[in-house]
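Participant: sequence isn't available, so here's the structure alone:
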């Protein structure tokens, strides 16, 4: 469960955060990292465990594609891009990342939620 947004004494709203490798890392309200450079393998593993997603080699292929594609395009790839450019069949994406492959793959990859996800 994500911590609620906090406010300072001056009423300035702060974003939630998580502890990652001994460092405080800001997230949005849904737990997506605000800075992709804060990501590491431990983040993916602990987030996957928390969400009940057992990470296989194929999950890591999707995660690695997401991170590489993000570096090239500046955006987290949605399901269509994962299929078209990543070569991951849509059906397989939904099996690997139930309930929303674009959103879940982005979260595990340390990227912000794709703009097409609600």
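Facilitator: Sure thing, it's come through. A quick note: this is a predicted structure, and the numbers were derived from the prediction, not measured.

Participant: my guess is residue 39 contacts residue 66, does it?
Facilitator: No. Here residue 39 does not reach residue 66: they are 10.2 Å apart, not a contact under C-beta atoms under 8 Å. Any C-beta I mention is one placed from the backbone N, CA and C, and that applies to glycine too.

Participant: the two: which is more packed in?
Facilitator: Taking other C-beta atoms under 10 Å, residue 39 and residue 66 do not tie; residue 66 has more neighbours (25 against 20).

Participant: show residues contacting the host helix or strand of the more buried one.
Facilitator: Per DSSP states H and E: residue 66 is located in helix 57-73. Defining contact as C-beta atoms under 8 Å, 6 or more residues apart in numbering, one finds that helix 57-73 is touched by 36, 39, 44, 48, 53, 76-77, 81-82, 85-86, 88, 92-93, 96-97, 101, 105-106, 108-111.

Participant: repeat the analysis, applying 10 Å as the threshold.
Facilitator: Helix 57-73 has contacts (C-beta atoms under 10 Å, 6 or more residues apart in numbering) with 36, 39, 41, 44, 48, 53, 55-56, 75-77, 81-82, 85-88, 92-93, 95-97, 101-102, 104-112, 114.

Participant: are any of the residues you listed buried, and if so which?
Facilitator: 36, 39, 44, 48, 53, 55, 76-77, 81-82, 86, 88, 93, 96-97, 101-102, 104-112, 114 (16 or more other C-beta atoms under 10 Å).
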